[in-house]
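J.: got a sequence here, can you model it:
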Amino acid sequence: MSTPHRYSDTVQTVLDALDGGIAPDRLALRDAVRELLADLRSRVPGRSVEVRVPPYGAIQCVEGPRHTRGTPPNVVETDPATWLEIATGRKTWHEAVSTGKIRASGVRADLSAYLPL
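T.: Alright, predicted model coming up:
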């Protein structure tokens with residue numbers, strides 16, 4: 001499957017490891033997750049959805065009512081490998097949700113319109 005654009009060397013190295021069934025270097029995985037989260041935040045600015053990829057990062061994105069205290073009403077949470085798969089188009093949003101790889105709650109928590117990056 002071809003990627004929609006050229007990813008950084010860090011992201012590509014992690015994707016190659018995952019594609020090969022090899023556990024990627026932990027620091028490279030962290031950096032790749034953070035890079036793609038930052039890309040999503042810059043493409044879809046806002047503060048109505050919190051996207052969590054523990055233990056590496058969390059961002060707020062998507063226009064709409066701003067969340068300021070307590071648990072956000074719109075939350076997306078997934079593991080690092082799944083985040084890389086959906087952010088780069090190796091897996092669709094709907095595939096990941098239907099298999100339980102993404103937990104999404106709230107009316108604005110569907111990010112399928114913004115992915116892959």
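
J.: for residue 45, see how far away the nearest residue in space to residue 78 that is not next to it in sequence is.
T.: Distances taken as C-beta to C-beta, 6 or more residues apart in numbering put residue 102 closest to residue 78, at 4.6 Å, once the chain neighbours are dropped. Every C-beta, even on glycine, is put in place using the N, C-alpha and C of the backbone. According to C-beta to C-beta, to the nearest Å, residue 102 and residue 45 sit 21 Å apart.

J.: of these two, which one has the most company?
T.: It is residue 102, of residue 102 and residue 45, that has more neighbours when counted by other C-beta atoms under 10 Å, with 23 against 11.

J.: how much space separates the more buried one from residue 35?
T.: As judged by C-beta to C-beta, residue 102 and residue 35 stand 19 Å apart.

J.: go on, residue 21?
T.: In this view, residue 21 and residue 35 are 22 Å apart by C-beta to C-beta.
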